[in-house]
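A.B. asks: could you look at this predicted model? Sequence included:
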Amino acid sequence: MGKRIYLNAFEMNCVVHQSPGLWAYPEDEADRYKDLEYWVELAKLLERGKFDGLFLADVLGIYDVYQNSKNACVRQGAQVPVNDPILLISAMAYATKHLGFGVTCSTTYEHPYSFARRMSTLDHLTNGRIAWNIVTSYLDSAAKNLGLDEQLHHAQRYEIADEYMDVCYKLWEGSWEDDAIIKDKKNKIFADPDKVHEIHHQGKYFQVPGIHLCEPSPQRTPVLYQAGASTRGREFAAKHSECIFVSFPSIETAAPYVKDLRERAKKYGRDPKNILIFNLFTPIVGKTEEEAWEKYSRLSKHISYEGALALLGGWTGIDFSQYDPDQNIEYVETNAIKSAVEKFTKANPNKKWTVRELANFAGIGGMGPVEIGTPQQIADALEYWTETAGIDGFNIAYATTPGTFKDFVDLVVPELQKRGLFKTEYEEGTYREKLFGKAQARLKDEHPGAAYRTLFSHSKK
């Protein structure tokens, strides 16, 4: 029996997420993204398959680097139109009991005071099933539409994010003491003011003097995901993250990152085993190998070359229309997702990628691996990744939705369960408890955020 595998479904509130062009596949239902019933049906399907969570991506801009224009991403529906992911969660949580929900929100464009309230509200309404995927954003189009001349520099975005986390920890962990809520109807006292504290935050980027607007939620701080793989992103992840989402195309590129990140975590007094790492993974499953490859062949005919390059342009900051399709790409320093370029150049110098090869690779499943085969072969690949790359789980992306997820639930999950690699029942408790064990509803004591629990109550006494 190998080590336990953790599974999220990887989705986005849009038509095209990771596989541009495949929304036109006859059986795909991605254009139902505006239909709340679609999301409720998906949540129920994932809970039937005992998935740990539904991981919702998001962007606040458009992919207009390719040809210096919006046309390709709009024409292909490449992550635009895109709706707010947070508004989906309450309905899905109401329809399920155990499934966790990870939502992507940027530290660059939303004030931590209002954001902290939104997450506490969701944590209350879901009985502690919320996770936050912390991102710093990477699209110039978002920066310009949110009041900036251009995207903030990569390093500055992470500097802001570090202070953002300080504010959130103070609000979530320190503002309200555990016994602040009294609910004394006889004396008409709902909460003890002496146990509710102003945080008095005065920083370089944020000034937040007051109390948190919400009483403590089941987890207080949501489960913390992070999706940065650059050097600066790794440092941030090593300090703050409980779970990390990466999208390495091969084990050769993933394994050094995993080793490096776990070493970095030790600097912050954290046990590297308390960080779960998820890699992007797109399965094409058939009951036979021949059926799986026939399915892949049909899907490949719908890949959009310009849609793939539109997404890649936003991820890398490179306008691939300037290159001949058969030209090799080289590493270019950009201000977008720095690791996106490195994955295909620096990290694997023995492989030379042409623009056409890169577009075809990213055309199904984005920048992560695509595995084609029987349930047994898919399970073999997942098991091999966890053993060899040292990761803990996968964000399962779809080629078509809900078809990819249904195939995985019906065919691959039973195989993983048979091998003892995946749970057969959910544990009770919050999202954090399901991931890290009972009596772990809140941040582990070793986590930097835990230090804020008594910051204000001790100074009062």
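C.D. replies: It's in. Numbering: from 1, shown residues only.
A.B. asks: how about the strands of the chain, start to end?
C.D. replies: Along the chain, the segments classed as strands by DSSP state E run 6-12, 53-57, 100-106, 130-135, 181-184, 189-191, 201-202, 207-208, 223-226, 243-246, 276-285, 370-373, 393-396.
A.B. asks: and those: which comes nearest residue 119?
C.D. replies: strand 130-135 (6.1 Å; CB to CB). Bear in mind the C-beta positions are built from the backbone N, C-alpha and C, glycine included.
A.B. asks: how about residues contacting that closest one?
C.D. replies: With contact meaning CB atoms under 8 Å, 6 or more residues apart in numbering, strand 130-135 is reached by 53, 55-57, 89, 100-107, 119, 122-123, 161, 165, 219, 222-228, 236, 240-241, 243, 245, 431.
A.B. asks: what's across from the most centrally placed residue in the chain in the sheet?
C.D. replies: By CA atoms, centre = their mean, the mean C-alpha position of the chain lies nearest to residue 133, the distance being 4.8 Å. Beta-bridge partners recorded for residue 133 (DSSP bridges): residue 104, residue 225.
A.B. asks: for it, give me the pLDDT.
C.D. replies: Reported pLDDT at residue 133 in the predicted model: 96.
A.B. asks: now swap in residue 349 and tell me
C.D. replies: Per the predicted model, pLDDT is 55 at residue 349.
A.B. asks: go on, the one 10 residues further on?
C.D. replies: In this prediction, residue 359 carries a pLDDT score of 89.
A.B. asks: which one is it nearest to, not counting chain neighbours?
C.D. replies: What sits nearest to residue 359 in space, not counting adjacent residues and going by CB to CB, 6 or more residues apart in numbering, is residue 308, at 4.2 Å.
A.B. asks: okay, that neighbour: pLDDT?
C.D. replies: pLDDT for residue 308: 92.
A.B. asks: tell me how many other residues crowd it.
C.D. replies: 29 (other CB atoms under 10 Å).
A.B. asks: and residue 281, by the same measure?
C.D. replies: Around residue 281 there are 24 other residues, counting by other CB under 10 Å.
A.B. asks: is it true that it touches residue 366?
C.D. replies: No - contact criterion CB atoms under 8 Å: residue 281 and residue 366 do not qualify, at 10.5 Å.
A.B. asks: who touches both of those two?
C.D. replies: Residues touching both residue 281 and residue 366 by CB under 8 Å, 6+ apart: residue 397.
A.B. asks: I'd say residue 4 and residue 427 touch.
C.D. replies: No - between residue 4 and residue 427 there is no contact under CB under 8 Å: 11.5 Å.
A.B. asks: what sits closest to residue 66 if chain neighbours are left out?
C.D. replies: Spatial nearest neighbour of residue 66, chain neighbours left out: residue 313 (3.9 Å); criterion: CB to CB, 6+ apart.
A.B. asks: ok, now which ones touch the one you found?
C.D. replies: 63, 65-66, 319-320.
A.B. asks: tell me how far it lies from residue 78.
C.D. replies: Residue 313 sits 10 Å away from residue 78, taking CB to CB, to the nearest Å as the criterion.
A.B. asks: mutual contacts of these two, please.
C.D. replies: By the contact definition CB under 8 Å, 6+ apart, residue 313 and residue 78 are jointly contacted by residue 63.
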